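J.: here is a sequence with its predicted model. Questions after.
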Amino acid sequence: MAARKVVVSTKVIGSAQTEHQSTRQQTWRPERCDHGGDRRCLRRDSGHQIIRSQGERQMPITAFNSFADGLDSNRRNRGHFIANINPDDDRRWVPYAEGVWLQPCCFNVTSGGFSVVLKALPGAKLGIHYHVGTVRGYTMRGQWRYLEHDWIAKPGTFIYEPAGEAHTLVASDDSPEPVLVFFAVEGGLIYLTKAADGGFGAYEDGFTLLELCRKYYRQADLDVRELEALIR
Ligand SMILES: [Fe+2]
């Protein structure tokens, strides 16, 4: 199976930090990250993903490390399951962006999507991103909004987002408590380098999120098999 391909400019997922490499390379080939790893690495201080830049071009995409769930086919369960989220167990929150964490509910290796409960501290922000597929969200706690829309989500607010939606998630500064939202995301999403005419920053889907969660679980001495039970 050929490796999936991905792009070129550099971005830290979920933050406004971007940087561009000013190399003059004309050909696309593997590049190692600053952290001693390969092209796709985890930023040491925050767990955010970084994808390297090559030159001024923004396509084509360079290869990801992981393009599968890593399970043998005879270990991949297709049956029903339940996942119990525990908002009060700090260790189970996977760091995602500054002031933003998630607890995974499902990694959908059929659609490439995923479901998570997101936690965001008041004032925290998730950088602008574009959704390839639909998103459904249900707000459990706190208040938040997208900068691109005029509504404010409160506990009980359901949101449907069509494919092609691009938005910047912000937890309200005056939210009375940390925001908790359940999101069911179909397909991948693309972080942009800036709101207007932004280029490719980074890519996220059920596979990349699984990789991120596995790494965190190992670091936190949590049982990775709990994640594998969420793969469908
Ligand atoms: Fe989104």
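T.: That came through fine.
J.: tell me, how many residues neighbour Phe182?
T.: By other CB atoms under 10 Å, 17 other residues sit near Phe182. All C-beta spots, glycine's among them, are computed from the backbone N, C-alpha and C.
J.: residue numbering should commence at 9 henceforth.
T.: With 9 as the first residue, the last one maps to Phe190.
J.: in the lengthiest helix in the chain, which residues are buried?
T.: The helix spanning the most residues in the chain, taking DSSP state H as the definition, is helix 214-227. Within helix 214-227, the residues scored as buried using 16 or more other CB atoms under 10 Å are 214-222, 224-225.
J.: repeat that for stretch 144-159.
T.: Across stretch 144-159, burial judged by 16+ other CB under 10 Å covers 145-154.
J.: got CSV for the residues you listed, with pLDDT, secondary structure and distance to Ala171 too?
T.: Shown next, in CSV, are these (pLDDT from 0 to 100; DSSP: H, G, I helix; E, B strand; the rest coil; distance: CB to CB, whole Å):
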residue, pLDDT, secondary structure, distance to Ala171
Gly145, 98, strand, 15
Tyr146, 98, strand, 19
Thr147, 98, strand, 21
Met148, 98, strand, 24
Arg149, 98, strand, 27
Gly150, 98, coil, 26
Gln151, 98, coil, 26
Trp152, 98, strand, 21
Arg153, 98, strand, 21
Tyr154, 97, strand, 16
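J.: ok, these vs Tyr138, which is closest?
T.: For these, the closest approach to Tyr138 (CB to CB) belongs to Tyr154, at 12.4 Å.
J.: quick one: contacts of the helix or strand where Thr176 lies?
T.: Thr176 is part of strand 174-179, with elements assigned from DSSP states H and E. The set of residues external to strand 174-179 that reach it, using CB atoms under 8 Å, 6 or more residues apart in numbering, is 107, 128-139, 150-157, 169, 186-187, 200, 203.
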